[in-house]
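Asker: Just the structure for this:
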Amino acid sequence: MKYSKHDAKAYAREHMTGIWAAALNPFNDDLSLDESGLRANIRHWIDDLDIQGLFVAGKQGEFFSMSIEERKRNFEIAVDECAGEAGVIVSVSDQSMNTALDLAHYAQNCGADYIVLHAPVLSFVQDRGEVLYQYYKRFCEELDIGIAMWSHPDSGYLMQPEECARIADLPNIVAIKYSVPREMYVKLTHMVGDRIHVSTSAEHEWLDNILELDWKLYLCSSPPYQLQSTVDRRMNEYTRLAFAGQADEARRVFDSLNPVRNAMKRARPAGKPTAFGKYWLELLGQVGGRVRPPMLELTDAEKAIIRKAFDESGLRV
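Answerer: The predicted structure is shown next:
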C-alpha cells in the first residue's frame, strides 16, 4: 500500500486525478480472456493516449460473465502492466458480500491503488440509508485500501446525496462514481466539498463539470480510448485547457468532437453496446475481440453501418 487508511483521502486528492478510463476486456474466439490483447490495449492507453488511470473488471470489462479467478487475473494483469505508470482501480462489485470482500482483499494485496464497490441490490428494503452505510462501513473496517462508491440505476435505485455524504465521512472512502441525473451529483458535490472526488461517466458533461464544479477526476467509461487515437487526443486537450482555466479554448476543442460523438450514437445498436465498443476499438487499431453471452455479437450489416460512421466521423487515425 502506498498510503495508510487514514491518509487515503489525502492520497486520492493528489493522485487520483485527470482522465481514468474503464477498460474493455478482449476475448479470444474460444471466449477465453485475450491477455496479450489486453496488455497491448493498456500499453496504448498509457503510452499513446496518456490516460492517467484504469477502471478494471467493471461493466465495460464484462465482469458479470467472468469467474472469480478470471476477475482476480484481470486485476493482476492491470496492476502488472500499469506498474506505477497509471493508477488502477478495480471493481470488486458482487451481489454476494463475501465474494466482494474476497475480491477486495485480493485487490489490496495484489497492488491495486483503489477499489470500487457498486451499491448492492436490496430486495424488499424500503429505508436503504442505514443498510448502505453499514455495507460500506464493513468494507472500510476490513480494508486499508481507498474505496470508491458506485451508484447506478442497475441497482434498482439511486443512492441519495445525503446517504452518500454520510458514507463519505468513513476514513478510506475516497470517491464516488455517481451515475445519476446532474442535479443529484451537483448537490452531492456541494455537500462533500473536497472530502472525496465526485465523478460520473458522462463524457459530454465532463467539461461543464470541470468548469462549473471544479472536478478533477473523470471516472470512468470508454470515451478516453474511443474518442482518441495516437494522433488525435482532443479529449486530453480540452481537459488540459479547462484545468488551466482556458474555458473558451477548451469549449472550442470539446465542440469539435461532436461529429465523433454523433457518429457513435447514430451507429450504436441499442441492444449491443459492448460489441459496438469492441468493434469501434478494432477500427482504431486496438484489440476488440468477441463478447461473452448474454451480450450479442454484431451482424455484418451492423458492422458496415459502424464502419461508415467511423470513416465519416472526422476522427484522425
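Asker: CA atoms for contacts and neighbours, from now on please.
Answerer: Noted.
Asker: in a strand, that's where residue 115 is, yeah?
Answerer: Yes: assigned with DSSP: H, G, I helix; E, B strand; the rest coil, residue 115 falls within a strand.
Asker: Identify the bridge partners of it.
Answerer: Beta-bridge pairing for residue 115 (DSSP bridges): residue 90, residue 147.
Asker: Run a quick check on it versus residue 145, I expect a contact.
Answerer: Yes: in this structure, residue 115 is within contact of residue 145 by C-alpha atoms under 8 Å, at 7.1 Å.
Asker: of those two, who's got more company?
Answerer: Counted by other C-alpha atoms under 10 Å, residue 115 and residue 145 do not tie: residue 145 has more neighbours, with 29 against 26.
Asker: tell me the contacts of the more buried one?
Answerer: 1, 4, 5, 8, 108, 113, 114, 115, 172 (C-alpha atoms under 8 Å, 6 or more residues apart in numbering).
Asker: Now do the strands in the stretch 201-317 of the chain.
Answerer: Under the criterion DSSP state E, counting those that start in this stretch, the stretch 201-317 of the chain carries strands at the ranges 217-219.
Asker: which residues in it form helices?
Answerer: For the stretch 201-317 of the chain, the helices defined by DSSP state H, counting those that start in this stretch occupy 203-213, 223-226, 234-243, 247-256, 258-267, 273-283, 300-312.
Asker: how far does stretch 285-302 stretch from start to finish?
Answerer: In stretch 285-302, first residue to last residue: 19 Å (C-alpha to C-alpha, to the nearest Å).
Asker: Mind listing what's buried along that stretch?
Answerer: By neighbour count on 16 or more other C-alpha atoms under 10 Å, the buried set for stretch 285-302 is 286, 287, 288, 289, 290, 291, 292, 297, 298.
Asker: Next: stretch 143-157.
Answerer: Going by neighbour count (16+ other C-alpha under 10 Å), the buried part of stretch 143-157 is 143, 144, 145, 146, 147, 148, 149, 150, 151, 152, 155.
Asker: Same question for stretch 29-48.
Answerer: Using 16+ other C-alpha under 10 Å as the test for burial, stretch 29-48 gives 33, 34, 35, 37, 38, 39, 41, 42, 43, 44, 45, 46.
Asker: Farthest-apart pair in the contacts of residue 145, please.
Answerer: Farthest-apart pair in the contacts of residue 145 is 4 and 115; separation 14.6 Å (C-alpha to C-alpha).
Asker: how distant is stretch 117-125 from the center of its chain?
Answerer: From the chain centre to the centre of stretch 117-125 is a distance of 20 Å (C-alpha atoms, centre = their mean, to the nearest Å).
Asker: What are the buried residues along it?
Answerer: 117, 118, 119, 120.
Asker: For the second one, give me its contacts.
Answerer: Taking C-alpha under 8 Å, 6+ apart as the contact definition, residue 118 lies against 91, 92, 93, 94, 149, 150, 151, 152.
Asker: tell me the centre residue of this structure?
Answerer: residue 220 (2.8 Å; C-alpha atoms, centre = their mean).
Asker: Identify the residues contacting that one.
Answerer: Here residue 220 is in contact with 19, 20, 21, 22, 55, 177, 200, 201 (criterion: C-alpha under 8 Å, 6+ apart).
Asker: ok, so of the buried residues of stretch 285-302, who is nearest residue 124?
Answerer: residue 292 (30.9 Å).
Asker: Look at the closest one and report its pLDDT.
Answerer: pLDDT, residue 292: 97.
Asker: With residue 123 instead?
Answerer: Residue 123 carries a pLDDT value of 88.
Asker: now the strands: where do they sit in the stretch 1-150 of the chain?
Answerer: Using DSSP E, counting those that start in this stretch, strands in the stretch 1-150 of the chain cover 18-22, 53-56, 87-91, 114-118, 146-151.
Asker: now these as a markdown table including mean pLDDT and distance to residue 308?
Answerer: Formatted as a markdown table, the strands of the stretch 1-150 of the chain follow (pLDDT from 0 to 100; distance: least, C-alpha to C-alpha, whole Å):
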| stretch | mean pLDDT | distance to residue 308 |
| --- | --- | --- |
| strand 18-22 | 97 | 25 |
| strand 53-56 | 97 | 29 |
| strand 87-91 | 98 | 34 |
| strand 114-118 | 97 | 36 |
| strand 146-151 | 97 | 35 |
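Asker: Out of these, flag the one nearest residue 305.
Answerer: strand 18-22 (24.9 Å).
Asker: I'm done for today, thanks for sticking with me.
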